[in-house]
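A.B. asks: Here's a sequence, model it:
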Amino acid sequence: MLMIRLQRVGRKNVPIFRVVLTDKRNSTKSGKYLEALGAYDPRKNGIKQFSADRIKHLMSMGAKVTDTMHNLLLSEKIITGKKINVLPRKSPPKNKEPASGASEASKASEEVKVEEKKEEPVPETPKA
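C.D. replies: Purely as a prediction, here's the structure:
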């Protein structure tokens, strides 16, 4: 399957990306690609140079787009749709449920004891 993806070509600490058409099985760092479709430089105010007509043509022929590339194409208004969240999902914080559950249980038992004490009848004293 053909993919349109970003390929990093900049040196260390200078990220520059090339937009390429490549086979999905090729590694992003292999350097192999079928066709260069543009460039993206995030350091210079996000300069984007895409060949929009060629990208649309390849997508109509069945080429898939990576999520990041999809969002870049949306921001350039080459394609329409909604952005895709590409950030990794955070794992939910680990709650100490047994400790908090135990404290809730102890609070509930204290409330029951307090209620039991309130319900005990008070012995009446005779008035003289």
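A.B. asks: For residue 15, give me its contacts.
C.D. replies: Residues counted as contacts of residue 15 (Cβ atoms under 8 Å, 6 or more residues apart in numbering) are 8, 41-43. Placement of C-beta: from N, CA and C, glycine included.
A.B. asks: quick one: pLDDT of it?
C.D. replies: The score at residue 15 is 91. That number is its pLDDT.
A.B. asks: Counting only strands, which of the contacts of residue 15 make the cut?
C.D. replies: Mapping the contacts of residue 15 onto strands (DSSP state E) picks out 8, 41.
A.B. asks: Could you identify which of the contacts of residue 15 has the most neighbours?
C.D. replies: In terms of neighbour count, residue 41 stands highest of the contacts of residue 15 at 15 neighbours, by other Cβ atoms under 10 Å.
A.B. asks: State the distance from it to residue 12.
C.D. replies: Residue 41 is 16 Å from residue 12, where distance means Cβ to Cβ, to the nearest Å.
A.B. asks: Please apply the same query to residue 127.
C.D. replies: As judged by Cβ to Cβ, residue 127 and residue 12 stand 96 Å apart.
A.B. asks: now the helices for the chain?
C.D. replies: Assigned by DSSP state H, the chain shows helices spanning 52-60, 67-75, 97-119.
A.B. asks: Quick one: low-confidence residue ranges for this protein.
C.D. replies: For the chain, residues meeting the criterion pLDDT under 70 lie at 92-93, 96-123, 128.
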